[in-house]
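Enquirer: this one's structure only:
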C-alpha cells in the first residue's frame with residue numbers, strides 16, 4: 001500500500017518532516033528472533049540457566065536503550081518480542097535452576113517498555129493538546145492510586161503494580177508521537193505480529209499435543225488448576241505466555257492484523273495462530289475478536305468488505321481439518337456450548353460471585369485500596385488483596401477509588417472515542433485494524449483489566465499508533481521520535 005508523503009505539519013509539530021526510517025526491516029526481526037533462540041539454548045544448557053537468570057534483565061534493558069536511541073522502529077518490534085517470549089525464557093530458567101514464584105526476569109518487558117517514559121518527560125507540554133490529553137487523565141488517576149498504595153500495600157507492591165499500570169500508557173504516548181515515522185513503525189509491528197503469531201501458534205499447538213517438560217514443571221508449581229492438566233490434550237493452551245488469557249489477547253490482536261497485511265505468508269500464519277487461539281478457550285477473547293472484526297468491517301470501504309468475507313471463508317476451510325481432529329474438536333465444541341449454559345458453568349459462577357463481592361467493596365471504599373491491592377502486586381503486598389479479579393471495571397475503581405477511577409475511565413473513553421473518527425485512513429487497513437482491536441479491548445474490560453499488563457500494552461500501543469496514523473494521513477506528523 002502506498003502512503004502519501006507527509007507535508008509540513010499544522011499545529012502538531014514544527015519543521016520539515018524527516019525521511020521515515022525503516023530500521024532493519026525483516027532483518028531486524030530475524031536478528032531479534034535469532035537472539036531469542038540463543039537465549040533459549042543457553043537456558044536449556046546444564047548449568048547455564050543461572051547465567052541467563054542473572055544477565056537477562058540488564059542485557060535486555062541495555063539493548064532496549066540502544067534501540068530506542070538509534071532505531072526506534074526496531075525498538076518497537078523488540079518490545080513486542082519481549083512480551084511474546086520472556087515468560088517462556090523464565091520457564092526454561094526455572095526448569096534449570098528451580099521454581100521461583102517471583103522470578104525477576106518477568107520485570108524485563110515492563111522496564112524495556114517503560115523506557116519510553118523518557119519520551120513522556122521530554123514532550124510533557126504536548127499533553128495539553130487535544131489529541132494527547134487522554135493520556136493525562138489515566139496517568140493522574142494512577143498517580144493517585146500509587147500514593148494510596150504506598151500507604152496501604154507498601155512500597156514493593158505499589159511500585160510493581162505501578163509498572164503494570166503505567167507502562168502501557170507511556171508506550172502508547174510514545175507511539176502516538178510517531179506521526180512522521182508511522183510507516184516504519186507500521187512495518188515493524190506488521191512484521192513482528194506476522195512472525196509472532198506463527199511462533200505463538202505453532203508452540204501453542206505443540207503444547208496441546210505434547211506439553212514440554214518445562215511447561216509441565218511450571219503448571220505443577222504454579223498450581224493454576226484453571227488451565228487444565230499437564231498432559232497431552234488436557235491442557236488449556238498458554239503458549240509462550242504465563243496463562244491462556246494473555247496468549248489469547250495477543251493472538252486476538254495479531255490475527256486481526258493478518259486481515260490488513262498483504263504478505264503471502266498470512267495464510268500460513270493464520271492456521272496455527274487461530275488453532276492456538278481456539279485452544280486457549282478464552283471466551284472473552286473470542287467475543288473480543290468478533291467485536292474487532294465487526295468494527296474493522298464497518299470502517300472498511302464497501303468494496304473491501306466482500307474481500308473480508310471471502311478471506312474469512314477461506315480461513316474456515318483452512319481450519320476445518322484441524323477442527324475435525326477429535327481432541328481439538330472436543331475442546332472447542334465444549335467451550336462454545338458453554339455460551340448457551342453460562343448458569344451451569346463453574347468459571348462463570350465463580351466470576352459472578354467474585355464480581356458481586358468486589359463490586360460491594362469498590363462502592364463502599366470511596367478512596368480506593370491503592371495500587372498493589374489487586375493482581376500480581378498482591379504477592380508483594382503488606383495488606384490483604386484480591387489476586388484474581390475478573391472485572392477490569394471493578395479493578396479500576398477498587399484500586400484507584402472513585403476519583404482515580406473516574407479520571408482513568410475518562411481518559412480511556414476519550415482515546416476510544418477519538419479513534420472512532422473517520423480521518424481519511426480508510427485505505428490504510430492496518431490503521432483500521434488497530435481501531436478494531438482497541439475497541440474490542442475496551443469491551444473486554446467486563447471480564448478482566450485489559451488496560452494493564454500485556455493486554456494494556458496492546459490497547460494503549462495500538463490506539464497510540466492509531467493516533468500516529470491519524471496525524472500522518474492528515475500530514476501533521478509528530479514532533480520527535482522520543
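Expert: Great, that's in hand. Nothing here was measured: the structure is a model prediction, and the numbers come from that model.
Enquirer: Please report how far residue 178 lies from residue 128.
Expert: When C-beta to C-beta, to the nearest Å is applied, the distance between residue 178 and residue 128 equals 19 Å. For the C-beta atoms, the positions are set from N, CA and C on the backbone; glycine is no exception.
Enquirer: By mean pLDDT, flag the weakest helix or strand of this structure.
Expert: Taking mean pLDDT, DSSP states H and E as the measure, the chain has helix 346-364 as its least confident helix or strand, at a mean of 62.
Enquirer: helices or strands up against the helix or strand that that helix is followed by?
Expert: Going down the chain from helix 346-364, the next helix or strand is helix 392-419, by DSSP states H and E. Applying 3 or more C-beta pairs under 8 Å, 6 or more residues apart in numbering; DSSP states H and E, we find helix 392-419 packed against helix 136-152, helix 346-364, helix 429-443, helix 453-473.
Enquirer: Out of the ones you listed, which gets nearest to residue 259?
Expert: Taking C-beta to C-beta, helix 429-443 is the member of the helices and strands packed on helix 392-419 nearest to residue 259, at 6.4 Å.
Enquirer: Show me what the closest one is packed up against.
Expert: Of the remaining helices and strands, those touching helix 429-443 by 3+ C-beta pairs under 8 Å, 6+ apart are helix 182-209, helix 244-260, helix 283-299, helix 392-419, helix 453-473.
Enquirer: looking at the ones you listed, which is closest to residue 166?
Expert: Proximity to residue 166 (C-beta to C-beta) singles out helix 453-473 among the helices and strands packed on helix 429-443, at 9.3 Å.
Enquirer: got the angle between that closest one and helix 136-152?
Expert: Relative orientation of helix 453-473 and helix 136-152, computed by axes from the mean of the first three to the mean of the last three C-alpha atoms, to 10 degrees: 160 degrees.
Enquirer: I'd like the distance from helix 453-473 to the chain centre, please.
Expert: Per C-alpha atoms, centre = their mean, to the nearest Å, the displacement of helix 453-473 from the mean C-alpha position of its chain is 11 Å.
Enquirer: quick check: mean pLDDT across that helix?
Expert: Per-region confidence: helix 453-473 scores 94 on mean pLDDT.
Enquirer: what's the answer for stretch 300-307, then?
Expert: In this model, stretch 300-307 has a mean pLDDT of 86.
Enquirer: Relative to residue 37, which of the helices and strands packed on helix 392-419 is closest?
Expert: helix 453-473 (21.3 Å).
Enquirer: residues touching residue 142, list them.
Expert: With contacts defined as C-beta atoms under 8 Å, 6 or more residues apart in numbering, the neighbours of residue 142 are 162, 165-166, 169, 371, 400, 404, 408.
Enquirer: make it 10 Å
Expert: By C-beta atoms under 10 Å, 6 or more residues apart in numbering, the contact set of residue 142 is 149, 161-162, 164-166, 169, 371, 396, 399-400, 404, 407-408, 411, 452.
Enquirer: just checking, what packs against whichever helix or strand residue 121 is part of?
Expert: Using DSSP H and E, residue 121 falls within helix 117-122. Using 3 or more C-beta pairs under 10 Å, 6 or more residues apart in numbering; DSSP states H and E as the contact definition, the elements that helix 117-122 packs against are helix 49-70, helix 155-176.
Enquirer: And the closest residue to residue 263 other than its chain neighbours, how far from residue 270?
Expert: What sits nearest to residue 263 in space, not counting adjacent residues and going by C-beta to C-beta, 6 or more residues apart in numbering, is residue 194, at 5.9 Å. Look at residue 194 and residue 270: by C-beta to C-beta, they are 10 Å apart.
Enquirer: Can you work out which residues contact both of those two?
Expert: Residues touching both residue 194 and residue 270 by C-beta under 10 Å, 6+ apart: 254, 258.
Enquirer: quick one, what contacts residue 245?
Expert: Residue 245 sits next to 226-227, 236, 238, 280, 282, 284-285, 444, 447-448, 450, 453-455 when contact means C-beta under 10 Å, 6+ apart.
Enquirer: cutoff 6 Å now
Expert: Remark: with contacts taken as C-beta atoms under 6 Å, 6 or more residues apart in numbering, residue 245 is in contact with residue 282.
Enquirer: Tell me which of the helices and strands packed on helix 392-419 approaches residue 83 most closely.
Expert: With C-beta to C-beta, the closest approach to residue 83 among the helices and strands packed on helix 392-419 belongs to helix 453-473: 5.1 Å.
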